[in-house]
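1. structure for this input, please:
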Amino acid sequence: MSMNNALSEARRFSVAPMMDWTTRDYRAFARTLTRRALLYTEMVTTGAILHGSPRERFLGFDAIEHPLALQLGGSDAGELAECAAIAEAWGHDEVNLNVGCPSDRVQNNLIGACLMAHPEKVAAAVKAMQAAVSIPVTVKCRIGIDDQDEDADLASFIQCVADAGCDTFIVHARKAWLEGLSPKQNRDVPPLNYPRIHRLKAQHPELHIGLNGGLKTLDDCHEQLTHVDSVMVGREAYQNPWLLASVDSRLYGEPDPAVDRHAAARALRPYIARRLEEGARLNHLTRHLLGLFQGCPGGRRFRRHLSENAHRDGAGLAVLDDALGLVAEEPPALAG
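-> Okay, the predicted model is just below:
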């Protein structure tokens, strides 16, 4: 199987790129729960890659994170092409262009959702990036921005970018209001419009159309996969990470890597030990585990113990082990 075909299969379920959340440490944790899902980095701007130092900070990852996509923020075709080539050289499996972030800061640099008003710039960027790399170049966008509120607006954008060679789009099912709503409000206030994405897929059977936005359960994902090619889950996969623990069996027909939540946490111990030796602080690592025992007896004590102790100087694996001791282990499943 070629890497592109393998990546296409992995894309069936992905964890959305989220600033300050989908760090390399979160992604390593996610791999204790799912081996098959496609993971994304936080958005990294072209300026950070071209002028920031060290590049490891923006591009580094652990081998266990594959398959892994780097999300880029930018609009200059030449800079995006250069960054895509750098990402491929670093070993990323896909480069994704952010055409969905609504924050003022990125708008001022013509990054993110505001690019939906400039489909020709997105098309030029995609064409340049594809010419520079052999890995897939994909686009994540919204269903529209501001007064763009018709199927035709989204269809026109998609067609322009597809004509430039892009065949994979992940579409957030909310439009973005660039004036009047904060980035946080843009994640909740504009209503979800799944049917618009369903119609887009029906109109473009030749394209890979993924759906993002509002998905909270694997049942939700199954339902959407009857209409689109893939699903992407964001905040729920972070705040309730145990959701990922059934992805491999339910969506890929393969065994799940973690038999229970304690096993997932223990599986991360060697990674945490290595990162601590490299100088990372424990709280920067364990903050991603705070939602692991959500809804479980003792889950609140687990979170409190990590929150109160992981930030202390010299905090090590004993803090995690003590926190795990506050949550009863789940009994083994009975054989059928």
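2. which residue ranges form the helices in the stretch 1-150 of the chain?
-> Along the stretch 1-150 of the chain, the stretches classed as helices by DSSP state H, counting those that start in this stretch are 3-10, 24-30, 46-51, 56-59, 77-90, 104-107, 119-132.
3. pretty sure residue 154 contacts residue 160?
-> No. Counting by C-beta atoms under 8 Å, residue 154 stays clear of residue 160, with 11.0 Å between them. Where C-beta positions appear, they are placed from N, C-alpha and C, glycine not excepted.
4. show me the contacts for residue 17.
-> 40, 41, 42, 43, 69, 71, 96, 98, 140 (C-beta atoms under 8 Å, 6 or more residues apart in numbering).
5. just these: which are in strands?
-> With DSSP state E as the criterion, strands contain 40, 41, 42, 43, 69, 71, 96, 98, 140 from among the contacts of residue 17.
6. please report the distance of the last one from residue 250.
-> Spatial separation of residue 140 from residue 250 under the definition C-beta to C-beta, to the nearest Å is 24 Å.
7. got it, and the second one?
-> With the distance defined as C-beta to C-beta, residue 41 ends up 25 Å from residue 250.
8. these two: who's more crowded?
-> Taking neighbours as other C-beta atoms under 10 Å, residue 41 and residue 250 compare with residue 41 leading, 24 against 15.
9. which non-adjacent residue is nearest that one?
-> Leaving aside its chain neighbours, residue 41 sits nearest to residue 70 (5.1 Å; criterion: C-beta to C-beta, 6 or more residues apart in numbering).
10. neighbours of that neighbour, how many?
-> 27.
11. over to the one 10 residues further on?
-> Neighbours of residue 80 under the rule other C-beta under 10 Å: 25.
12. what sits against it?
-> Residues counted as contacts of residue 80 (C-beta under 8 Å, 6+ apart) are 46, 72, 74, 97, 125, 128, 129.
13. out of those residues, who's nearest residue 82?
-> Proximity of the contacts of residue 80 to residue 82 (C-beta to C-beta) peaks at residue 46, which lies at 7.7 Å.
14. any idea which element the residue lying closest to residue 326 once chain neighbours are set aside lies in?
-> Nearest in space to residue 326, with sequence neighbours left out and distances taken as C-beta to C-beta, 6+ apart, is residue 301 at 4.2 Å. Taking DSSP states H and E as the criterion, residue 301 maps to helix 299-309.
15. per-residue confidence for residue 329?
-> Looking at residue 329, its pLDDT is 85.
16. chain neighbours aside, what residue packs nearest to it?
-> In this structure, residue 329 finds its nearest non-sequential neighbour in residue 262, 5.3 Å apart by C-beta to C-beta, 6+ apart.
17. for the strand or helix carrying that neighbour, buried residues please.
-> Counting by DSSP H and E, the element that carries residue 262 is helix 261-267. Buried residues in helix 261-267, counted by 16 or more other C-beta atoms under 10 Å: 261, 262, 264, 265, 267.
18. and it, how far out from the chain's middle?
-> Averaging C-alpha positions (C-alpha atoms, centre = their mean, to the nearest Å) puts helix 261-267 22 Å from its chain's average.
19. contacts for that helix?
-> Outside helix 261-267, the residues touching it (C-beta under 8 Å, 6+ apart) are 29, 32-33, 242, 245, 257-258, 289, 292-293, 296, 320, 324, 327, 329-330.
20. I'd like to know which of these are buried.
-> Of the contacts of helix 261-267, these count as buried by 16+ other C-beta under 10 Å: 29, 32-33, 242, 245, 257-258, 289, 292-293, 320, 324, 327.
21. picking that back up, would you list the helices of the stretch 1-150 of the chain in JSON lines and tack on mean pLDDT and distance to residue 196?
-> Compiled in JSON lines, the helices of the stretch 1-150 of the chain are given as follows (pLDDT from 0 to 100; distance: least, C-beta to C-beta, whole Å):
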{"stretch": "helix 3-10", "mean pLDDT": "76", "distance to residue 196": "23"}
{"stretch": "helix 24-30", "mean pLDDT": "98", "distance to residue 196": "29"}
{"stretch": "helix 46-51", "mean pLDDT": "96", "distance to residue 196": "30"}
{"stretch": "helix 56-59", "mean pLDDT": "95", "distance to residue 196": "34"}
{"stretch": "helix 77-90", "mean pLDDT": "98", "distance to residue 196": "27"}
{"stretch": "helix 104-107", "mean pLDDT": "63", "distance to residue 196": "23"}
{"stretch": "helix 119-132", "mean pLDDT": "98", "distance to residue 196": "17"}
